[in-house]
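> When you get a sec, could you give me coordinates for this:
(chains A and B)
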Number of protein chains: 2
Amino acid sequence: MAAGHGPRERMVFSAAQLLRLGGVAAVGMRETAAQAQAPRGSLQHYFPGGKEQVVNEAVGWAGRYAASRVSRFLTALEDPSPSALFAAMAQQWTDEMAVAGTLAGCPVAAATADCAQSTESTRTAAAEAFACWRASVAEALTGMDVPPARAQALATLMVSTLEGAILIARAERSPRALATVVKELGPVLDAAVEPGTAVPTGR
Amino acid sequence: MAAGHGPRERMVFSAAQLLRLGGVAAVGMRETAAQAQAPRGSLQHYFPGGKEQVVNEAVGWAGRYAASRVSRFLTALEDPSPSALFAAMAQQWTDEMAVAGTLAGCPVAAATADCAQSTESTRTAAAEAFACWRASVAEALTGMDVPPARAQALATLMVSTLEGAILIARAERSPRALATVVKELGPVLDAAVEPGTAVPTGR
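Reported below is the predicted structural model:
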């Protein structure tokens, strides 16, 4: 997280990192404040809804972060294509695993696994985070000449497949599953391109 | 779970159901014994490794259950094809959601999200469960004329995609993502069939 963010933003970011490591049970109020280098009392100040609010905001942050990464990947691609975008999305996780040796998970996946049944506000936050991420992917696809209806469906496929491959990669402590799904899905995604159907994205 | 199972099997099954609902934090020793209608003391008797052992055995059970379902889906298909198998795998979740109104998740996904970083034995159990499930899918694909190397890769793709779609379906409380990935992945899976390459499966 960039320097210069205030304690509130830092605590939301810390909660997201704790979620990634050990799910909702790992998001302790004390640990969240400590990792954010924020005074513990400030959690109650900024998050009167307690842990549930912190978790939900961390999930929302993760959805916006994933969406913004899609835009940045797209900008960085020399030769943009749906397969290259999906490869870049997966590569972020492979790179993190190569650097860290292990792989922390997706905070939205963890919050869903732990709270979709028990905490309606967290379930809703997760649905919104998935929607935010998916919309960003769909917009990128339409900008690459994938017809809009198909782009929505393929965005769901890409996010689903990446989420599952992250789970398997974490369990196996290996990027194998990430490499496999990139290789298998790439041609399918590129086959959806129909030149001339691009929707201006304003980028 | 079929009647006639002993208290040990019932407790493993109960732990898997609690994992599905609320992750590892939801697997209380007391609740596990109560749901299995087993005396609480029997948990210590059957699972001297405590909650970690119960969770790991629940994950192992889930992997074997998923693998056995693949064989049963295949047997039940009138016109077997890779797309029909994937549709049947997803339909099990869609049906459960239609009956229950909500969707409990995959116990292997929950254990991975919560414990892949903190508990090495649970991470290993999850990796083995994914491998068991994937091997069953790959065997089914080779039996349908998908070349063996491709079958391994497509099995990883199918399990990854289904796991992610389950997460999204739970968050959205809608089977939409499951239907979407079945529709998008079906033609890809069927295109991998190369008649004449079937490996006898002994079924």
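> going forward, measure contacts between C-alpha atoms and count neighbours the same way
OK.
> in chain A, which helix or strand is least confident?
Across the helices and strands of chain A, mean pLDDT, DSSP states H and E gives its lowest value to helix A:41-46, namely a mean of 87.
> list the buried ones in the helix or strand following it?
Per DSSP states H and E, the first helix or strand lying C-terminal to helix A:41-46 is helix A:50-76. Of the residues in helix A:50-76, A:51-64, A:66-67, A:69-71, A:73-74 count as buried by neighbour count, 16 or more other C-alpha atoms under 10 Å in any protein chain shown.
> Just give the nearest non-adjacent residue to residue A:90, would you?
residue A:178 (6.2 Å; C-alpha to C-alpha, 6 or more residues apart in numbering or on different chains).
> List the contacts of the one you found.
A:90, A:91, A:94, A:162, A:165, A:166, A:169 (C-alpha atoms under 8 Å, 6 or more residues apart in numbering or on different chains).
> Return the set of buried residues in the helix or strand harbouring the fourth one.
When you say that, I think you mean residue A:162. Secondary structure assigned from DSSP H and E places residue A:162 in helix A:148-172. Residues A:148, A:150-172 are the ones in helix A:148-172 that count as buried (16+ other C-alpha under 10 Å).
> Quick one: mean pLDDT for that helix?
Throughout helix A:148-172, pLDDT has a mean value of 98.
> What is that helix packed up against?
Using 3 or more C-alpha pairs under 8 Å, 6 or more residues apart in numbering or on different chains; DSSP states H and E as the contact test, the elements touching helix A:148-172 are helix A:82-100, helix A:120-143, helix A:176-190, helix B:107-115, helix B:120-143, helix B:148-172, helix B:176-190.
> so which of the ones you listed gets nearest residue B:43?
helix B:120-143 (18.3 Å; C-alpha to C-alpha).
> Pick out the residue closest to the middle of chain A.
Nearest residue to the geometric centre of chain A (C-alpha atoms, centre = their mean): residue A:66, 3.9 Å.
> Look at the closest residue to it other than its chain neighbours and say how many residues are nearby.
Closest residue to residue A:66 apart from its sequence neighbours, by C-alpha to C-alpha, 6+ apart: residue A:133 at 5.7 Å. Using other C-alpha atoms under 10 Å in any protein chain shown, residue A:133 has 22 other residues around it.
> close enough to count as contact, residue A:38 and residue A:7?
Yes - Residue A:38 is within contact range of residue A:7, at 5.8 Å (criterion: C-alpha atoms under 8 Å).
> Mind listing what's buried along stretch A:7-14?
Using 16+ other C-alpha under 10 Å as the test for burial, stretch A:7-14 gives A:7, A:8, A:9, A:10, A:11, A:12, A:13, A:14.
> Which of the residues you listed fall within strands?
Among the buried residues of stretch A:7-14, DSSP state E puts none in strands.
> what's residue A:6 sitting at in phi/psi?
Main-chain torsions, residue A:6, degrees, to the nearest 10: phi -80, psi 170.
> Quick one: neighbours of it, just the number.
Considering only other C-alpha under 10 Å, residue A:6 is surrounded by 10 other residues.
> Just the pLDDT for it.
90.
> And it, how far from chain B?
Separation of residue A:6 from chain B (C-alpha to the nearest C-alpha, to the nearest Å) stands at 29 Å.
> what does residue A:18 give?
Where chain B is concerned, residue A:18 sits at a distance of 10 Å (C-alpha to the nearest C-alpha).
> Just the CA atoms of the helix or strand encompassing that residue, as PDB, please.
Residue A:18 is located in helix A:7-22, with elements delineated by DSSP H and E. Extracted in PDB, the C-alpha atoms of helix A:7-22 (Å, rounded to 0.1, in the frame of the first residue of the first chain):
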ATOM      1  CA  PRO A   7      -4.900   5.100   9.500                       C
ATOM      2  CA  ARG A   8      -8.300   4.200   8.300                       C
ATOM      3  CA  GLU A   9      -7.100   3.100   4.900                       C
ATOM      4  CA  ARG A  10      -4.200   1.300   6.500                       C
ATOM      5  CA  MET A  11      -6.500  -0.700   8.800                       C
ATOM      6  CA  VAL A  12      -8.700  -1.700   5.900                       C
ATOM      7  CA  PHE A  13      -5.600  -2.900   4.000                       C
ATOM      8  CA  SER A  14      -4.300  -4.700   7.100                       C
ATOM      9  CA  ALA A  15      -7.600  -6.500   7.500                       C
ATOM     10  CA  ALA A  16      -7.500  -7.600   3.800                       C
ATOM     11  CA  GLN A  17      -4.000  -9.000   4.300                       C
ATOM     12  CA  LEU A  18      -5.100 -10.900   7.500                       C
ATOM     13  CA  LEU A  19      -8.100 -12.300   5.600                       C
ATOM     14  CA  ARG A  20      -5.800 -13.500   2.800                       C
ATOM     15  CA  LEU A  21      -3.700 -15.400   5.300                       C
ATOM     16  CA  GLY A  22      -6.200 -17.100   7.600                       C
END
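> who's in contact with residue A:19?
A:25, A:26, A:27, A:55, A:106, A:107, A:110, A:111.
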